[in-house]
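Q: Please find the sequence and the predicted model below.
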Amino acid sequence: MMELSVIICTHNPRSDYFGRTLEALRAQTLVRVDWEMLVIDNASKQPVQERFDFSWHPAARVVREDKLGLTPARLRGIGEARGALLVFVDDDNVLDPDFLDVAKRIAAERPFLGAWSGQCRPGFEEQPEEWTRRYWGNLVIRQFDTDVWSNLPRLTDTMPCGAGLCIRRDVARYYLALNETGQRAIQLDRTGTSLLSGGDNDLAACACDVGLGVGLISALKLTHLIPPVRLTEDYLARLAEGIAYSSVLLDRERGITHPPRGTLGRVADFVRTLLLAGPHRRVLKAAYRGRDRALRGLTAS
């Protein structure tokens, strides 16, 4: 078994972004004999193997997954990976040169952790408007100074994110089994233009299911490349709706129930949105819409 598998799930990647992702992997300080590079081409219109050079890595493989969606791509990656530690890298992630070395060290030094990620700096193409800062966390921008961890699967303060997610093989295989046996009947991740999310949280939380912890490691660092379209009012509202919708469904999978929204709750929602102005009002209303849509669906089922 190889020590580490880097899994890149990609669908119609931008050439400039994915090129930077690959260059950062090429510059890793961890010797290449210790890790494989597994590229999951998720139904790209033009196969990524025709667009990019992977020959520089002696253990690079490109696998085609035609079922569209980030979840099917991740599951395929887990099934194909040969490493004891799996590291998920998005096609817009630029890892610091020591990222894989640090991931490997954490795996050895902290055997109680089953899943962890690190800091995600923003790599903006254009300087965003100041009002968007409130929503940078939804764009997987996360910077901190202290390592934290817990064995609580839905604690936001210690929950790893999908960008640079490091997960032990046994934890990932447990998640794969949940999906293969029908215990995860819904997809909580991007599919085409959908902005659902939460699959990475569910995957990481499986560490707690098998008796391990989850955490955030300050020494793990990457840059998340972000185009201007993801900082528009329209995109951030759609993203907030997708996150809120997915969160309710993920809570249900984890045994957390949300009471039906009564009259007082709806009034409180109305007042909160009324106190906001401009894009903030629209984003909050979108989040409430996503939450309520998920609750209605659960009630109907």
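A: Cool, the structure landed. The shown structure was predicted, so the numbers you read here are calculated from the model rather than taken from an experiment. Numbering: from 1, shown residues only.
Q: okay, and for the stretch 151-300 of the chain, where does confidence drop off?
A: 300 (pLDDT under 70).
Q: how about the helices of it, start to end?
A: For the stretch 151-300 of the chain, the helices defined by DSSP state H, counting those that start in this stretch occupy 169-180, 199-209, 233-253, 263-274, 278-300.
Q: cool, the stretch 1-150 of the chain as well?
A: Under DSSP H, counting those that start in this stretch, the stretch 1-150 of the chain gives helices at 15-26, 48-51, 70-80, 99-109.
Q: Which elements pack onto the last one?
A: Helices and strands touching helix 99-109, by 3 or more C-beta pairs under 8 Å, 6 or more residues apart in numbering; DSSP states H and E, are strand 2-10, strand 83-90, strand 113-124, strand 165-168, strand 213-226. Backbone N, C-alpha and C define where each C-beta goes, glycine included.
Q: can I get those in a markdown table with distance to Leu275?
A: Shown next, in a markdown table, are the helices and strands packed on helix 99-109 (distance: least, C-beta to C-beta, whole Å):
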| stretch | distance to Leu275 |
| --- | --- |
| strand 2-10 | 40 |
| strand 83-90 | 35 |
| strand 113-124 | 28 |
| strand 165-168 | 36 |
| strand 213-226 | 29 |
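Q: hey, which of those strands is tucked in deepest?
A: Across the helices and strands packed on helix 99-109, averaging neighbours per residue (mean count of other C-beta atoms under 10 Å) puts strand 165-168 on top, at a mean of 26.
Q: Tell me which of the helices of the stretch 1-150 of the chain sits most buried.
A: helix 70-80 comes out most buried of the helices of the stretch 1-150 of the chain by mean count of other C-beta under 10 Å, with a mean of 22.
Q: Going by the annotation, which residue ranges form each domain of this protein?
A: 2-226, 240-300 (automatic domain parsing).
Q: closest one to Val214 among the helices of the stretch 1-150 of the chain?
A: Across the helices of the stretch 1-150 of the chain, Val214 has its closest neighbour in helix 99-109 (12.3 Å, C-beta to C-beta).
Q: Give me the mean pLDDT for that closest one.
A: In this model, helix 99-109 carries a mean pLDDT of 98.
Q: tilt between it and strand 83-90?
A: 140 degrees (axes from the mean of the first three to the mean of the last three C-alpha atoms, to 10 degrees).
Q: tell me the angle helix 99-109 makes with strand 113-124.
A: Using the same axes, to 10 degrees, helix 99-109 lies at 160 degrees relative to strand 113-124.
Q: Any idea how many residues pack against Gly278?
A: Number of residues near Gly278 (other C-beta atoms under 10 Å) recorded here: 9.
Q: What's the separation between it and Ile8?
A: Gly278 sits at a distance of 37 Å from Ile8 (criterion: C-beta to C-beta, to the nearest Å).
Q: Now do the phi/psi pair for the one residue sitting closest to the centre of the chain.
A: In the chain, the residue lying closest to the centroid (C-alpha atoms, centre = their mean) is Gly162, at 2.4 Å. With angles defined as degrees, to the nearest 10, Gly162 sits at phi -70, psi -30.
Q: heads up, I number from 307, so please use that
A: From this message on, residue numbering opens at 307, which makes the last subject Gly468.
Q: ok, it touching Gly504?
A: No. Look at Gly468 against Gly504 with C-beta atoms under 8 Å: they stay out of range, at 9.6 Å.
Q: Now render the helices of the stretch 307-456 of the chain as CSV, adding distance to Val369.
A: Putting these into CSV (distance: least, C-beta to C-beta, whole Å) gives the following:
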stretch, distance to Val369
helix 321-332, 16
helix 354-357, 10
helix 376-386, 6
helix 405-415, 20
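Q: Looking at the ones you listed, which is nearest to Glu431?
A: Closest approach to Glu431 among those (C-beta to C-beta): helix 321-332, 9.7 Å.
Q: contact partners of the closest one?
A: The contact list for helix 321-332 (C-beta atoms under 8 Å, 6 or more residues apart in numbering) reads 312, 314, 316, 343, 354, 357-360, 362-363, 395-403, 405, 528, 531.
Q: now do stretch 334-344
A: 308-314, 331, 360, 363-367, 369, 383, 386-389, 401, 403-407, 410.
Q: distance between it and the chain's centre?
A: 22 Å (C-alpha atoms, centre = their mean, to the nearest Å).
Q: Buried residues in stretch 560-579, which are they?
A: 575, 579 (16 or more other C-beta atoms under 10 Å).
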